[in-house]
Each structure stands twice: as structure tokens, then as C-alpha cells.
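pasting the sequence and the predicted coordinates here, then a few questions.
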Amino acid sequence: MSTIQRAVDVGVFIPVGNNGWIASTNAPKVPGSYEHNLQVTLLAERLGFDFVLSMAKWRGYGGPSKHWDVTLESLTTMAGLAQATKTIDIWGTVHMMIFPPAIVAKMVATLDQISGGRVGLNLVSGSNPHDLGQLGLWKPLDHAGRYELADEWIRVVKRLWSEDRVDHKGTFFELNDCMSNPKPSKRPTIICAGASDRGFQFTIDNCDASFFTASDDDASIARGKRAKELAVRAGKPDFKSYGLFMVVPGRTDAEAQARLDRFDAGVDREALATQTAEYSSDVSAKQNFAAQFFIDQGARVSSVLGGTLTGSAESLARRMARTIVEGELDGVTLIVPDFIEDLRFMAEEVFPRMEELGVSTKLGKSLETA
Ligand SMILES: Cc1cc2nc3c(=O)[nH]c(=O)nc-3n(C[C@H](O)[C@H](O)[C@H](O)COP(=O)(O)O)c2cc1C
């Protein structure tokens, strides 16, 4: 039994898109509705999860499963969830290319009041030319240009959160004696999932935490450790790293695998092909980590994200704990197939088993009766 405990935050990547993260006609019923996300968030809070995160996504991928053809807008969803909850952190997402910084500065200051200081912001520099292009808002910048915009964007937002009046004439934005009140009660948590070297540099320079897709492999462990090393080198020892784990749990390993097999039997090849094509159409597809991830995924033809873990409570606890401990992670973001039953299983059966593997969380300790 390990004596050193690694205390980690655990959050839920809530399913604001229909089908959740399973591109299959056999996906569990996940409607992508506000009502469902409210139920998931209230359950997550009762179970002791630390945060919920919602993605920003504008265009679905169609196909027989109509994958992500229904998606809620992130920040307005988070406003509702902030009002409905008391303790759980509420983190929303914006694409910096489409929302002017002064608008988001005020939206987040408002969310800070609604949530009583529980708001956080996930910054996205990219996406793909179809997702934002259908809105007429995709800027024809390459990967490096998008991060230049991102650097300027977050600098402006931080100034608006702390200064009375802001004058700014930059490459992308202009503010004229801009007054933005109220100020947030404290600087909201800022996170980013930029995974390329440039995206990672932006995250270390400007954010509190890095989010990346994780599995039980050496690459995930190396990524976690590298985040810590770079942060220390940048003089930010408090910088955090969070692994995004997609899991398919079962009572036994075989049962979990059978669930995944069933999802895969209905895999929506058409939706995946559209996703791959849309990300491939980025002029910077080679630099864009998300594009590479989806192109690889399209080649594998699986209904779930690459690196998805299947297993019993024992197996999932062991496999996730290894990455968390060896990769020095500070947190976990979870994706599950069924955001009610599976979330409960993870909180009650999986995370408590990690205690003896050196990972402590708040899960399994609350008196959940509902
Ligand atoms: C946990 C997590 C959340 C993400 N959320 C979004 C999102 O809401 N919208 C989006 O367009 N991209 C999202 N992404 C993609 C990343 O923001 C980022 O663009 C991608 O990892 C590519 O990295 P790069 O910009 O460094 O190439 C997410 C990725 C991860 C791992």
C-alpha cells in the first residue's frame, strides 16, 4: 500500500452534445439537452466531484447517429448550472477567434457573481474552418497566427478584470478607454487544452492549468511530467495538469469490453469521416493537435475517443491511478457513456479504490443518498 497520497480534483466533461462522446447508433441516450446536463451536474455535485466543464461546439457531424447535431452553447449553459448549484466549480469554454475579449470579460465577471466565485474558463484557439466557418466567424489564420491572437486576447481580458480603464491597439483588437465592471471577485480559473508545443506554451504563459487527453500509457505519463517540468522552468510551480479520461466501465472487464463492442458495432463512419474531413481542411492541420487526433481516430474507425479505457472497477482504478501517480497529474476530467449510472459507478466504486494506489479524491466520501 502506498503511503504518499496524491490529492487530485475530479471533474466531468458534461454532455452538451447529443450522443456524448460516442459516435454510434448504439450510443446510450444522451440528448444534449439542458435538462439532462442539469441532472448530471446536480448528481456530480452530490457525489463530490470538484468541477463540471462544458465544451464549445457549433456544427455537428451528421450521419445516421446525427452526432453532435444538437449542442448547447457553453457559457449560457454554465450560467444556468451556476444558479442551480452551490459548491461545484463551473467551467465553460470559448473560442477566442469568435468572441471579442471585452464581451467575455464581462460575461465571466457576471458568471462569477452568479456562481459565487466558482467560474472557470477553458480557452480554445482553434477548432476547424467548418465549425466556426458556418457562423461566418472563422478567421483565416494559421496555427501560429491563432495563438498570436490568443496571447493578445487573454492579455486584454486580464487587464479588463483588473484595471479601471483600458486602452489597447493591437494586431487583432482595439479598445478605447474601455471600462468593464463588475470585476470578478477573484481571478477566474483559466485553463487550456492546447496540446501542440505552441499551444502548451500559451497555456503555461497565460493559464492556471493544462488539459490533455490521457490513457494508461507511457505517452500520457510523459505528457503530465513534461507539463510539470516546463511549468517549474517557467517559474510557475503551482501550474496544474489535468488528464481527460474516457472510460467504459463494467462489473467485469468482459462486460465493459462487451459494452464497447456494442457501441463499435453501430459506429457512425459517416459522422467520423465528416469530422476527419472538417479538421483536415485546416491549412494548419499538421500543427493542429486536434486535427491529428481526429485524423488518427478516423483511421481506427472506433465509436469512442482514442485511448478509451474499458474495465471493471478494479481495472479502471489500477490503470488510471498509474497515470495519475507517475504522470504527477493534479486532476482528472471524466467522460463516461451514461452520465448518470456510470458517473455514480465511477464515484462510488472506482475512485475510492484508488486510495490504496496513492490517489485521493473527494469521491465516495459524501453521503449520497439520492
Ligand atoms: C479536455 C479538452 C477540452 C477541449 N475542449 C474543446 C472545446 O470545447 N472546443 C474545441 O473546439 N476544442 C476543444 N478542445 C481542443 C483543444 O482546445 C485544442 O485545440 C486541441 O487540443 C489542439 O491543440 P493545439 O491548439 O495546441 O493544436 C479540447 C481538448 C481537450 C483535451
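Arrived safely, thanks for sending.

need the residues of the stretch 151-300 of the chain near the ligand, please.
193-196, 199, 211-213, 244, 288-290 (Cβ under 6 Å from any ligand atom). From N, CA and C alone the C-beta is placed, and that goes for glycine too.

now which of the residues you listed would you call buried?
Listed as buried from those are 193-196, 199, 211-213, 244, 288-290; burial here means 16 or more other Cβ atoms under 10 Å.

against the ligand, how distant is Gln257?
Per Cβ to the nearest ligand atom, to the nearest Å, Gln257 is found 25 Å from the ligand.

what's near enough to touch the residue nearest to that residue when sequence neighbours are not counted?
Nearest residue to Gln257 in three dimensions, chain neighbours excluded: Thr310, at 5.2 Å (Cβ to Cβ, 6 or more residues apart in numbering). By Cβ atoms under 8 Å, 6 or more residues apart in numbering, the residues touching Thr310 are 247-250, 253, 256-257, 259-260.

out of the buried ones among the residues of the stretch 151-300 of the chain next to the ligand, what pair is the most spread apart?
Leu244 and Asn288 (17.2 Å; Cβ to Cβ).

which of the helices or strands spans the residue of the stretch 101-250 of the chain found nearest the ligand?
Here the stretch 101-250 of the chain gets closest to the ligand at one residue, Gly199, 2.2 Å apart by Cβ to the nearest ligand atom. Element membership for Gly199 (DSSP states H and E) is helix 197-206.

contacts for that helix next, please.
Residues outside helix 197-206 that contact it (Cβ under 8 Å, 6+ apart): 123, 125, 143-144, 147, 150-151, 154-155, 190-194, 209-210, 227, 230-231, 234, 236, 239, 287, 289.

pLDDT below threshold where in the chain?
Counting by pLDDT under 70, the chain contains low-confidence ranges at 1-3, 298, 366-370.

in the longest helix seen in the chain, what's buried?
The single longest helix within the chain, with elements called by DSSP state H, is helix 143-162. Across helix 143-162, burial judged by 16+ other Cβ under 10 Å covers 143, 145-157, 159-161.

for stretch 75-85, same thing?
For stretch 75-85, by 16+ other Cβ under 10 Å, it's 75, 77-82, 85.

repeat for stretch 217-235
By 16+ other Cβ under 10 Å, the buried positions in stretch 217-235 come out as 220-221, 223-224, 227-228, 230-231.

on that earlier part again, filter the buried residues of stretch 75-85 down to the ones in helices?
75, 77-82.

just checking, what packs against the helix or strand following the helix holding Gly199?
Per DSSP H and E, helix 197-206 leads on to strand 209-213 as the next helix or strand towards the C-terminus. Helices and strands touching strand 209-213, as assessed by 3 or more Cβ pairs under 8 Å, 6 or more residues apart in numbering; DSSP states H and E, comprise strand 189-192, helix 197-206, helix 218-233, strand 240-249.

and with 6 Å instead?
With contacts defined as 3 or more Cβ pairs under 6 Å, 6 or more residues apart in numbering; DSSP states H and E, the packing partners of strand 209-213 are strand 240-249.

give me the contact list for the strand it packs on.
21, 209-211, 213-214, 224, 227, 256, 259-260, 305, 308-310, 316, 320, 329-333, 335-337, 342, 345 (Cβ atoms under 6 Å, 6 or more residues apart in numbering).

how much does it deviate in direction from helix 218-233?
160 degrees (axes from the mean of the first three to the mean of the last three Cα atoms, to 10 degrees).

phi, psi for the nearest residue to Glu73 once chain neighbours are set aside please.
Counting by Cβ to Cβ, 6+ apart, Glu73 lies nearest to Ala56, which is 7.6 Å off, once chain neighbours are set aside. Main-chain torsions, Ala56, degrees, to the nearest 10: phi -110, psi 120.

backbone dihedrals for the nearest residue to Pro31 once chain neighbours are set aside, please?
Nearest non-adjacent residue to Pro31, counting by Cβ to Cβ, 6+ apart: Asn18, 5.8 Å away. The phi and psi values for Asn18, taken as degrees, to the nearest 10, are phi -60, psi 150.

sorry, back to before: in a strand, the residue nearest to Gln257, correct?
Yes - the assignment for Thr310 by DSSP: H, G, I helix; E, B strand; the rest coil puts it in a strand.
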